[in-house]
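Peer 1: 3D model of this:
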Amino acid sequence: EEITFTTPTAVAQIGTTYYSSLSNAISAASNSTITMLADTTESVDISERKEIVIALNGQNIGSITNSGTLGITGAGTISSKAGNAIINHGALNISGAAHIIGESTDDGTYKPTLYNYGTLDMTGGTISATISYALTNRGTVNISGDAKITGETTDDGKNCATLYNYSEGTVKIAGGTIRS
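Peer 2: Sure, this is the predicted structure:
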């Protein structure tokens with residue numbers, strides 16, 4: 001008799017431990033680097049006590065809500081068809097060649113690609129919008145290095161705004177590219 005076993009595909013890895021979902025890896029992480037091994041569309045939350053680096057490793061992931069300390073490194077994509085690709089209430093550091101993409105929502109509402117309430121340090125990567133703002137800020141944003149923030153032109157010819165800063169927000173630009 002032949003027996004077949006099905007094992008879940010590993011999506012993420014911390015050290016030598018493999019996880020079938022990014023959420024499971026985040027739950028297990030403690031001051032850890034999570035290396036992505038496969039694409040996932042799941043949306044994840046990072047609690048305020050977590051300190052995590054997500055090494056995209058060429059993979060694509062769904063949206064992130066961050067209340068902790070989060071680093072995003074390497075090439076790969078973070079996107080959401082439900083609006084915000086990232087909502088940041090904590091400390092967020094984006095470096096490397098990450099591409100954060102905002103897409104139109106199913107209900108036609110406009111949501112920024114990255115909504116920042118905390119601290120965002122961006123030394124690399126790209127934040128782009130295909131609808132609404134690429135970056136909306138109510139916290140502190142530091143842009144430098146090879147960081148890029150872009151607003152694209154929609155199918156109906158409208159330009160997406162690149163950066164919207166509320167009066168309580170602070171933006172410091174010491175390099176990078178911002179274009180609409």
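
Peer 1: mind listing the helices for this structure?
Peer 2: Assigned by DSSP state H, the helices in the chain fall at 22-28.

Peer 1: Low-confidence bits of it, can you list those?
Peer 2: 5-8, 104-109, 153-160 (pLDDT under 70).

Peer 1: buried ones in stretch 54-64?
Peer 2: Ile54, Ala55, Leu56, Asn57, Gln59, Asn60, Ile61, Gly62, Ser63, Ile64 (16 or more other C-beta atoms under 10 Å). Using the backbone N, CA and C atoms, a C-beta is placed for each residue, glycine as well.

Peer 1: Would you mind giving those as TSV with distance to Asn31 added?
Peer 2: Listed next are these as TSV, based on distance: C-beta to C-beta, whole Å:
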residue	distance to Asn31
Ile54	13
Ala55	14
Leu56	19
Asn57	19
Gln59	22
Asn60	25
Ile61	20
Gly62	24
Ser63	23
Ile64	18
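
Peer 1: Looking at those residues, which is nearest Thr40?
Peer 2: The closest of these to Thr40 turns out to be Ile61 (C-beta to C-beta; 5.4 Å).

Peer 1: quick one on the thing from earlier: and which of the buried residues of stretch 54-64 is nearest Ala161?
Peer 2: Distances from Ala161 to the buried residues of stretch 54-64, taken by C-beta to C-beta, are shortest for Ser63, at 20.0 Å.
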